[in-house]
Each structure stands twice: as structure tokens, then as C-alpha cells.
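> Need a 3D model of the sequence below.
(2 chains)
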Amino acid sequence: MGRALKRAEEHLALAGAGFVICATALLPLVAVVAGAPLSGFAPLASASPWLLLLRSCALAAAVTACALLLGVPLGMLLGRANIPGKRAALLLHALPAFLPPFLLALGWFYLPHPDALFSSVGAIGVETFAFAPIVTALVALAVQAIDPSMEEAGRLSAPPWKVAVRIVLPVAWPAAALGALLVFALSLSELGVPMFLRIRAYPAAVFSRLGAIDYSPGEAAVLAMPLIAVALALLAVERSIGAGRSFAVLGLRSEERAALNLGRFRWTATVICWAAAVASVLPIAGLARMALRGGFAQIGDWLGAGIGNSVVPAALAATLLTAVGLILGRSMARGRPGSGWFDALAVFAFVTPAAVLGVGIIDVWNRPATHAVYRTVAILVIGFAARYAVIPARAIAVAIAQGSPHLEEAAAVQGAGFFLRLRRIVVPLHGRALLGAWLLAFVFCLRDLETVILFYPPGSAPLTVRILTLEANGAPPVVAALSLVQCGMVAAAIAAGAVALAGARR
Amino acid sequence: MIELQGVSVSMHSHEILHHVTFSVGAEEVLAIVGPSGSGKSTLLRVVLGFIAPSHGSVDIGGVRVSNEGRVVVHPEERHLAMVFQDLALWPHMTVREHLQFAHAAGPRTEMLLQRVGLAGKGDRRPSQLSGGERQRVALARALAADPRALLLDEPLSNVDVLLRRELIALLREVLAERQLPVLLVTHDLREAGALADRVAVMDAGRLVQIGTIAELQARPATRFVEALLADRG
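Here you go, the predicted structure:
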């Protein structure tokens, strides 16, 4: 019996991780699909919701195209070229990706801005700077992971620009394509920017059915159905991009090599990179400018428990997700049967617009029997776990895939069971990756608005929700000061993580 | 002709190559032999122009291409070719595109494919080829550029005995046809003996001895060379 249990440890662990993903993500999605027919499809009978969906998809496509135009060259330059201060430039450029995009819209609003800010063009601009760093970072990682000899083989018969275009870019394109997919999904899911800029967007229509005047959860479920179809299409694209690719080649190798010499174009490229980096953080300057008009003096009256309401559920969710990610990520890296399905489900939950998950979570958990969960911070943890499971799982899978499976096998032949190997071999070897995965999950939960805004319990509004609700009627300096507190929390988390990661390296 | 004069390379205050001097004649095959970490691959990268020598100079065909910490002529202008140890084939390109990237066009591409035994496989990608076929693609790509000299970095290190024999035969034929200066890096003295006219033995970044195998056997300069020859059997 004991031996049988020991042999089954790995399967049981994967089943446990899968259970968490199914309970948090699959259940709400099934509830939406199963519940919609009961309400009838009348809300989808007219042309207007379909036109709105088309408009939202067009907006997301435009943001994706702009993010690629900005992110691919920046990723190549900051990843491989001899740009002075490229790490600092990448950090500045990446910071907005860890902030709720509507804070950036607020920041631009507090700076001198054209009227076009309150239009689709303005929304495309704001979201491009919010999401392009995803493309930049993925492309930069991919070009750093390319085997140096592939570039050198090209350099023997071609100049650097030709090697970049013909060899580096095609080899890195799956990373750019994955980035494009993520940007499209996040942009389609975005609620705060369209609401603030007064742009009509499909997720906002779903959200409004759960608000005060138009309250109709059945209609919300019906309206969510087309978004599920879009998410399934995105999942299919993601599967085709990743088909047959080992997690190892997605690469975190950082073999030291000479930066690509741009020659006489170096300074032009440097100006472009730094201009993009500075433009990325300009909205934060806008927030600071407004906050300094007395916002900080009044902040104590408005902050309330906002920080705790953000940090506690984010930390709990990140811890749960890292534990799930360790089991799932290891299984994915080692190609264990079943792990691909759970990974697909986690990807599906991530690319599904948050409003759909929100509708499903309300449907599943807003019942008398589950009020102990629904009316506490636990529901926020469930929401975060549903949406962001894929992030730590993928990060850990990539890290584990870089290592040799023989290290674990050597322990297995000595008689070590799965959990012992996990504790004594996998966790110590990949401590930094686990810390990094936790941090990534934590920051994503901290920046979340669109998932939790639908079901946050009374008195437990995270800071992002508090800022958005206050923005309509509150004093701008206070709103700006609260926004800076949100920026400060993210910056502190990233800085603490960087220090911890540096310590773990030593 | 390739000529290195007093080449030293330092990285992170660690000397990887120390005052290396030798030349490779117009139709000569020179094998660089030594253990891992002896500086063989760094030497090739200096000749290719990917690393500037901290001191010393490199001349190719009578032209100074690197000098005292500077790469004077960039890699793509040196007209050299190399077969990389890991082959460095581009996964997104077909065999034909590999050759075209290296400036071979039209009938010349087909001729090269035929020459290395890859006729009819021009439209395949590296992932659709066997290990031996990939080795042949790497060789064909190197020859496609019509190089002034050929550099081979452990070209037979990852192949089985049968394939090794086959590839040695192919390399011998090709080298005899092209009559190029060739720098062959290997840790295997047998491989060096099968392909090279002379052998340069390296140890810890220094050139220990250079000569034919017979000269090395007759007068090994150091214990290390003696041990290397003994190991060859």
C-alpha cells in the first residue's frame, strides 16, 4: 500500500494542481456556457452587440499591431545591440506592463494632451505603451537565447543588419507571435481604459449588466458567449505557435556574448530606445504632477485598507499559484501526460476576457452555501488563481526544462519518492525561478482590476478598484496620489524581488 | 595564407591565448590539437574576426585583418567559411536557402548539393534531415561562399564511427579539390592525422609545438605532447 502510494505521488500531485485549475477556472467557464441558454439568446439577437464586439476586436488588433511595431525592434535592440544603458532602458520601458493600464490613461490625462486622448486613437496609444513591453521582453529574451554560432555562421557572409533580419528575427518570431497573442487578449479584456476614455467596449457592456441600473446576470452570461468563442480561437493560435516546441528552447540561457555592433547607427538606435523608455514612464510623471497639488495631504482619508486589500489576496494567490505552478510546470517540462491539458486550460482562462471569468465566478460562488467564500477575501484569491495560473506555471516550466532530468533521476534510483525529490532536488535547484514566478504572479494580481471589479467583497476593494471608482467623483490630486501609491507598491515589490533574487544567486 | 603573429587574447583579466604565432600555407591543412579549454576555439574566433586579439596581428592573404586590439576587416569581408561544432544550421531555412544565404545561386547550388550527397534534399529543413545529412549541409554552406580559407571546429565530434569514416573521406576529397588553406580544430590526434599536413599542439592557451606527426613523434617538445601521442596509440 505504502509503495503503491509512493509510486502514485507524482500523479496525485498533478491531479491536485489540475483540481485547483479546474475548480477556479473551468468551473466558472462551464457555468457561463451552461447558464447562457437558460436566459435565452435575445441579447445577441440584434446587430449592436456584434458590432460592438467587432469594434473591440478591431481596437485590440490595432493595439497588437502597434505593440509589435514598437516591441519587436525594441526587443531586438535592447536584447542584443550595443545600446548604452540598455538594461535601465528596458526596465523603464517595462514598468507600465506591471501597472493597471487605466493609471497610464490617467497619467496622460494629467499631462498636456490632445483631445484625441478621449477617442479610439487615444485608447490605442495608451494601451500600446501599456502592453508593448510584453512583446519587447519576450523578443529580447528570445534573441538572447539564440545559439551564438547561428549568428556567427551568418556573419561570415552577411553584414549585421542582414543577419538580424534573415536569421535572428525569424528564429525569434514565435516569441513575437506569443507576445502579440497576449497583447490582443489583454487589450480585448481591458475595462479601465475604455471606461475612463469613454470608449464603448464589449467587456464594459458585460460589466454594465452586473452594475446597478442594468443589473441582469443572465444577460451578462449570454453576452459573454461570443467572448468565449474569441478566447477559443486565441487558444488555438497559441497551441499552433507552441506546437512541438520544447520549453527549453524558449530559453533563459544567458551565455555571455558580444553585443551586436550597430556601427554608425548606434547613436540613432540609442536615441530611439531611450525615447521609447522615457515615453513609457511619462504618465507616471503626469500622476506625480497632479498628486503634488495637495493630493498626498489628503491621502490618509481615502486610502483606507486599500493597500492591505491589494497585498494580502495578491500574496495568498501568488503563493497558491507558485505551488500549483511548481507541480504543473515540472510536469510540462518533463512532458508528463495530462500536463498539456491543464496548461491549455490555464492559457484559456488567461486569454478569456476577465469579464467572462467574473460572470462565471459570480454564478458559481454567489450562493448561500458558499457565502463564507464569496463574502471574504477568498473570492479574490479564487479570481486571481483562475486568471493567472498560467504565468508561474510557464515560468517554472521554462526554468526546469533548462536543467537535466538526470539530476532528479539520480535521486529516484536512490529510492527517493516524488515529494522528496521535489523538496530536496527540484526546489533547491530552482529556488530563484520559484521566487521569480511568485513575484510575477504577485505583481499581476496586484495590478488586476478587470477580474476583481466584478465581485470584490464589500470593504475589501483592492486599491485598483478604489482608484477607478474614486476617479469619477474624487479630487484629481487624491486620485493621482492613490495611483502613485499603486505604482510604489509595484515598484517596491519588483525591487524587493530583485534584491531577493540577487541574494539567491549568491 | 593565414598568418598569426604574437596573438594574445585576455578576457576578464584572464589570458586565454598567449603569444601564438604560426602560419597556414596556401594549400595546407593545419590541425590545432589540444584538450578542452586550451584556447583552440578562441583561436578560430580570432581568425574569423569575432574576437579582436589583445596583442598581435592576423593576416589573411597578405592583408592585415586584425591588429593590436582591433578588428580591421569585419567577419563578412574576410571571405572565410567555417563548419561549426554544433553545425549552427538555421532551423527556419531549407538546405537550398542555407546555400543561397552564403551567396551560392542557381546551378551552383544544385552542383554543391550533388557534391556533398544531398541532391534532391534542397527543400528540406534541418529538422527533416539525419545527423550525417546535417553535417553535409554545414560543409556545403561553408563551401558555397567560395571562401579564401576554410575553418573546421571539431567537425566530427558528434558522429558515430561509420559516419566519421564517411565524412573523413568526403572532407579529404573536397579539400583536395578546393586546395584551400584549412584550419582544423580537434581534440583527436587520429582525426588530425587523417586530414592534416601539420599539427599544432596547444595547451593552456600556448602553442606548445608545431610540425608533422612524424616530427612530433620524433622530437616531442614537452611531456604533454608525449602523452598526447601516446594516447593516439
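> Any stretches of chain B with poor pLDDT?
B:104-105, B:232-233 (pLDDT under 70).
> quick one, what contacts whichever residue of it sits closest to chain A?
Residue of chain B nearest chain A, by Cβ to the nearest Cβ: residue B:88 (3.8 Å). Every residue, glycine included, has its C-beta placed from N, CA and C. Counting by Cβ atoms under 8 Å, 6 or more residues apart in numbering or on different chains, residue B:88 touches A:147, A:149-150, A:152-153, B:138.
> so it is in which element?
Secondary structure from DSSP states H and E places residue B:88 outside every helix and strand.
> Setting aside sequence neighbours, what's the nearest residue to residue A:144?
Using Cβ to Cβ, 6 or more residues apart in numbering or on different chains and skipping the chain neighbours, the partner closest in space to residue A:144 is residue A:79 (5.2 Å).
> Any buried residues in the strand or helix carrying that neighbour, and which?
Counting by DSSP H and E, the element that carries residue A:79 is helix A:47-80. Using 16 or more other Cβ atoms under 10 Å in any protein chain shown as the burial criterion, the residues of helix A:47-80 that qualify are A:49, A:52-53, A:56-57, A:59-64, A:66-68, A:70-80.
> And stretch B:147-157, by the same measure?
B:147-156.
> Same question for stretch A:441-461.
Here stretch A:441-461 shows A:441-457, A:460-461 as buried, counting by 16+ other Cβ under 10 Å.
> Please apply the same query to stretch A:191-200.
Neighbour count says stretch A:191-200 has A:191-197, A:199 buried, by 16+ other Cβ under 10 Å.
> Of the residues you listed, which belong to helices?
Among those, the ones falling in helices (DSSP state H) are A:192-196.
> hmm, back to that, quick one: which of the contacts of residue B:88 is most hemmed in?
residue A:153 (28 neighbours; other Cβ atoms under 10 Å in any protein chain shown).
> Does that residue lie in a helix or a strand, and which?
helix A:148-155.
> tell me which strands and helices the helix or strand following that helix is in contact with?
For helix A:148-155, the following helix or strand on the C-terminal side (DSSP H and E) is helix A:160-163. In terms of contacts (3 or more Cβ pairs under 8 Å, 6 or more residues apart in numbering or on different chains; DSSP states H and E), helix A:160-163 is packed against helix A:148-155.
> Which residues of the stretch 401-506 of chain A lie near chain B?
Within the stretch 401-506 of chain A, no position is near chain B by Cβ under 8 Å from any Cβ of the partner chain.
> In the stretch 401-506 of chain A, which residue sits nearest chain B?
Taking Cβ to the nearest Cβ, chain B has its nearest neighbour within the stretch 401-506 of chain A at residue A:402, 16.8 Å off.
> Distance of that residue relative to residue A:139?
Note on residue A:402: its distance to residue A:139, by Cβ to Cβ, to the nearest Å, is 19 Å.
> what does chain B have sitting close to chain A?
So chain B meets chain A at B:45, B:48, B:50, B:74-76, B:78, B:80-82, B:84-86, B:88-93, B:101-103, B:141, B:145 (Cβ under 8 Å from any Cβ).
> So which of the residues you listed are in strands?
B:80-82 (DSSP state E).
> Output the residues you listed in TSV, with neighbour count and distance to residue A:307 appended to each entry.
Listed next are these as TSV, based on neighbours: other Cβ atoms under 10 Å in any protein chain shown; distance: Cβ to Cβ, whole Å:
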residue	neighbour count	distance to residue A:307
B:80	26	61
B:81	25	62
B:82	27	58
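> Comparing residue A:402 and residue A:139, which residue is more hemmed in?
Neighbours per residue, other Cβ under 10 Å: of residue A:402 and residue A:139, the larger number sits with residue A:139, 29 against 17.
> residues touching that one, list them.
By Cβ under 8 Å, 6+ apart, the residues touching residue A:139 are A:71-72, A:74-76, A:79, A:172, A:175-176, A:179.
> how about 7 Å then?
A:71-72, A:75-76, A:79, A:172, A:175-176, A:179 (Cβ atoms under 7 Å, 6 or more residues apart in numbering or on different chains).
> does it belong to a helix or a strand, and which?
Applying DSSP H and E, one finds residue A:139 within helix A:120-145.
> That helix - what's its average pLDDT?
The pLDDT scores in helix A:120-145 average 91.
> before we move on, the earlier item: inside helices: which ones of the buried residues of stretch A:441-461?
Members of the buried residues of stretch A:441-461 lying in helices (criterion: DSSP H): A:441-447.
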